[in-house]
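Novice: Return atomic coordinates for the entry below.
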Amino acid sequence: MLNCGTYKQLCPVLYGAGVTEKTGEVAKELGLRKVMLVTDPGIVSVGHDKKVVKALESAGVECVVWAEAKPECPAGNVKDGARVARENHVDGIVGLGGGSGLDTAKAISVVTPNEDGILDHLVELFTGQMTLPKPQMPVILIPTTFGTGSESTYVAVVNDPVTDSKMGLVAPPSYAVVDPALAVGLPAFPTAITGLDALSHVTESITSKNCTYHTEMMAFEVMGLINQWLPKACADVTALEPREYMSLASNFAGIAFNESDANVGHAVAHTIGHTFHIPHGLACAWVNPASIELMGKYFPEKVEKLAPIFGVECGCKGEKLAKAAADANRALMKKLGIPTMAEKEIGREQFLALAETVLNDGLTGSYEYPLTLDDITAFMTSVYDNYC
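Specialist: Below is the predicted model of the structure:
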């Protein structure tokens with residue numbers, strides 16, 4: 001029997017090479033007159049901010065640039081951005097960048113019309129124990145990498161000092177502008193880890209409680225796109241065609257996991273990122289093969305669909321087939337130059353000591369089947385020991 005569920009697409013998506021120049025039209029459609037562009041120094045250094053400002057101002061939309069977004073979306077950084085937005089009396093936010101920049105923009109769109117103190121209540125807000133005093137501002141999101149999917153997901157992931165962890169702030173986008181031309185020239189390593197982040201989104205989406213057939217259709221399509229086009233995107237960072245397909249893959253992955261949620265893989269990745277200050281895409285790359293292996297235990301029929309996408313035709317089934325597919329994923333990681341955890345100076349015992357933290361992470365509970373501490377320890381052991 002097929003699972004019941006809700007098909008979700010939170011906002012319109014304007015897709016195609018060069019569509020950044022239509023950002024002003026999008027802002028006007030949303031009724032915006034003055035916006036703050038949230039981005040970071042790296043984006044400014046390549047001039048992408050100027051393209052967005054030009055598009056906005058050409059449409060008669062005033063724009064203030066705040067290029068201070070920091071990696072991993074610290075709560076204090078969000079407060080800084082919200083203060084600038086209030087001082088400039090903007091009526092909307094535009095986010096431009098990778099996952100951290102887009103999450104920062106989304107969080108600012110929530111905090112600006114409210115008090116900074118709401119960031120002290122992320123748990124209560126996420127669980128519905130508390131509601132926002134004032135509604136979120138409109139926010140337009142323009143990704144420049146392949147992994148985030150944030151332009152199509154309902155939360156901003158904030159580094160929360162209150163819980164000393166990464167927490168989700170409900171902050172759905174108003175409109176997404178997905179322009180693959182903005183990713184031309186992105187170096188091979190960030191191209192690789194953001195692409196593998198998108199792969200982790202869809203791998204986890206098909207094992208979460210709210211997975212639907214719609215989720216699965218998108219997820220398996222994304223897996224094929226990434227396996228075909230990510231190596232080409234890394235091999236030639238100037239080529240547009242691989243970026244066209246990878247931008248689609250990232251966006252579709254965002255829609256898929258927004259619909260069903262990520263689970264234990266992202267619980268581990270968030271814990272790694274917060275504890276060791278590792279880029280989220282790299283952490284997701286490390287955990288994804290273990291997610292495939294776990295799928296062999298609980299979802300052997302899904303592994304039979306997944307394995308051929310990774311080029312695996314071994315005649316075996318279940319956990320053996322899942323291990324072969326996971327090893328194919330690891331081979332792709334090696335091809336793309338992904339370092340091991342040991343090479344990033346993360347010790348095995350340090351890492352495994354985080355198993356209980358992962359078990360208590362809310363995302364772990366999104367897995368279709370309940371997982372024990374032994375399950376988590378075995379999962380994390382595979383992450384560390386089987387990619388070396």
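Novice: Tell me the predicted confidence for the residue nearest the centre of the chain.
Specialist: The centre of the chain sits closest to Thr148, judged by CA atoms, centre = their mean, with a distance of 3.1 Å. Per-residue confidence at Thr148 stands at 80 (pLDDT).
Novice: Need the nearest residue in space to it, chain neighbours excluded.
Specialist: With CB to CB, 6 or more residues apart in numbering as the measure, Gly99 is the residue that lies nearest to Thr148, at 3.5 Å, once sequence neighbours are left out. (Glycine included, C-beta is placed from N, CA and C.)
Novice: Contact partners for the one you found?
Specialist: Listed by CB atoms under 8 Å, 6 or more residues apart in numbering, the contact partners of Gly99 are 145, 147-148, 150, 157, 194, 197, 280-281.
Novice: in the stretch 101-250 of the chain, which spans are helices?
Specialist: Along the stretch 101-250 of the chain, the stretches classed as helices by DSSP state H, counting those that start in this stretch are 122-127, 188-205, 213-235, 240-260.
Novice: Now the longest one: average pLDDT?
Specialist: Averaging pLDDT along helix 213-235 yields 97.
Novice: With the second one instead?
Specialist: Predicted confidence along helix 188-205 averages 97 (mean pLDDT).
Novice: ditto for the first one
Specialist: Within the predicted structure, the mean pLDDT of helix 122-127 is 85.
Novice: helix, strand or coil for the residue in the chain sticking out farthest from the centre?
Specialist: In the chain, the residue that sits farthest from the middle, by CA atoms, centre = their mean, is Gly315; the gap is 33.8 Å. At Gly315, secondary structure determined by DSSP: H, G, I helix; E, B strand; the rest coil is coil.
Novice: Can you list phi and psi of it for me?
Specialist: phi 80, psi 0 (degrees, to the nearest 10).
Novice: Tell me how many other residues surround the closest residue to Leu119 other than its chain neighbours.
Specialist: Nearest non-adjacent residue to Leu119, counting by CB to CB, 6+ apart: Ala75, 4.7 Å away. Neighbour count of Ala75, defined by other CB atoms under 10 Å: 20.
Novice: Check Glu313 too.
Specialist: Around Glu313 there are 10 residues (other CB under 10 Å).
Novice: Please apply the same query to Gly362.
Specialist: 15.
Novice: phi, psi of it?
Specialist: phi -60, psi -30.
Novice: now do the one 5 residues further on
Specialist: Per-residue torsions, Tyr367: phi -60, psi 150 (degrees, to the nearest 10).
Novice: and the residue lying closest to it once chain neighbours are set aside, what is it in contact with?
Specialist: Distances taken as CB to CB, 6+ apart place Asn263 nearest to Tyr367, at 4.3 Å, with adjacent residues excluded. If you count contacts by CB under 8 Å, 6+ apart, Asn263 has them with 204, 207-208, 363-364, 366-367.
Novice: From Gly92, how far off is Ser250?
Specialist: Distance of Ser250 to Gly92, given as CB to CB, to the nearest Å: 24 Å.
Novice: Of the two, give the one with the bigger neighbour count.
Specialist: Using other CB under 10 Å as the criterion, Ser250 and Gly92 rank with Ser250 on top: 30 against 23.
Novice: Quick check, pLDDT for the more buried one.
Specialist: 96.
Novice: Can you list the buried residues in the helix or strand hosting Asp80?
Specialist: If you go by DSSP states H and E, Asp80 is part of helix 75-87. Using 16 or more other CB atoms under 10 Å as the burial criterion, the residues of helix 75-87 that qualify are 75, 77-82, 84-85.
Novice: So which residues of the protein form strands?
Specialist: 13-15, 34-38, 62-66, 92-97, 139-143, 155-160, 165-170, 175-178 (DSSP state E).
Novice: Can you point out the buried residues in the shortest one?
Specialist: Buried positions in strand 13-15, judged by neighbour count with 16+ other CB under 10 Å: 13-14.
Novice: for the second one, same thing?
Specialist: Going by neighbour count (16+ other CB under 10 Å), the buried part of strand 34-38 is 34-38.
Novice: pLDDT below threshold where in this structure?
Specialist: Across the chain, the ranges flagged by pLDDT under 70 are 1-2.
Novice: residue contacts, the nearest residue to Leu354 once chain neighbours are set aside?
Specialist: Leaving aside its chain neighbours, Leu354 sits nearest to Thr271 (5.2 Å; criterion: CB to CB, 6+ apart). Thr271 is in contact with 165, 354, 357-358, 361, counting by CB under 8 Å, 6+ apart.
Novice: Neighbour-wise, which one of those leads?
Specialist: Val358 (23 neighbours).
Novice: I'd assumed Asn159 was in contact with His274.
Specialist: Yes. At 6.7 Å, His274 counts as touching Asn159 under the criterion of CB atoms under 8 Å.
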